[in-house]
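K.L.:
Got a predicted model here, sequence first, then my questions.
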Amino acid sequence: MNDAIVERARKLTRQLETHNPFRIAGYLGIDVEYEDLGGLKGMYLCIKRNRYIVINNQLDDRLQEIVCAHELGHDQFHREMAQDRWLHEFSINNMRQRPEREANLFASEMLLQDCEVMTLAMGGYTIEQIAGELNTDVNLVALKLDTIRRDGYEFRQFESRDDFLRW
């Protein structure tokens, strides 16, 4: 399944010539809306054939982008789980749940460029330093490094954390 997730993200970014999840959502016909969600960062819902991503308008622009990419992963691979009910924040935090890990893998592939991550990793940066340089979460970097490693490049193993996107 991981290969299919990576390939879908790559295909979308190549086909649309963008890594911008908001543009990709628009192309796919997904309505992206912004609301004050309190402690939630984002939600995904599919009602009949209408698909929605709602993002907390209190988040900074970069975190909104990460949440949008994550919710796009749910759209592409877990739509049946979101039929007539929201997939939302309470499960994003657990990287051990398969759907959340898959949505995060999709987001990492969509948002992070191989060449940028490889350059920093080969330059001796730690995972935290790479995440800081790229203004992203360490878990996305760890997933991206795992993908690059599967493509035949060697990096040391990095651990992901369970507090991904937690407030």
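P.N.:
On my side now, so go ahead.
K.L.:
which residues in this protein form helices?
P.N.:
2-16, 21-27, 61-77, 98-111, 114-122, 127-134, 138-150 (DSSP state H).
K.L.:
would a markdown table of the ones you listed with mean pLDDT and distance to Gly39 be doable?
P.N.:
Placement of C-beta: from N, CA and C, glycine included. Output for the helices of the chain, formatted as a markdown table (pLDDT from 0 to 100; distance: least, CB to CB, whole Å):
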| stretch | mean pLDDT | distance to Gly39 |
| --- | --- | --- |
| helix 2-16 | 95 | 27 |
| helix 21-27 | 97 | 22 |
| helix 61-77 | 94 | 13 |
| helix 98-111 | 92 | 17 |
| helix 114-122 | 93 | 30 |
| helix 127-134 | 96 | 23 |
| helix 138-150 | 92 | 19 |
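K.L.:
just so I know, which of those lies nearest Tyr34?
P.N.:
helix 61-77 (7.7 Å; CB to CB).
K.L.:
elements contacting the closest one?
P.N.:
helix 2-16, helix 21-27, strand 42-47, strand 50-56, helix 98-111 (3 or more CB pairs under 8 Å, 6 or more residues apart in numbering; DSSP states H and E).
K.L.:
at 10 Å what do you get?
P.N.:
helix 2-16, helix 21-27, strand 31-35, strand 42-47, strand 50-56, strand 87-88, helix 98-111, helix 138-150 (3 or more CB pairs under 10 Å, 6 or more residues apart in numbering; DSSP states H and E).
K.L.:
Export those to a markdown table and append columns for distance to Phe77.
P.N.:
Listed next are the helices and strands packed on helix 61-77 as a markdown table, based on distance: least, CB to CB, whole Å:
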| stretch | distance to Phe77 |
| --- | --- |
| helix 2-16 | 6 |
| helix 21-27 | 14 |
| strand 31-35 | 18 |
| strand 42-47 | 11 |
| strand 50-56 | 13 |
| strand 87-88 | 11 |
| helix 98-111 | 6 |
| helix 138-150 | 14 |
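K.L.:
Noted, bye for now.
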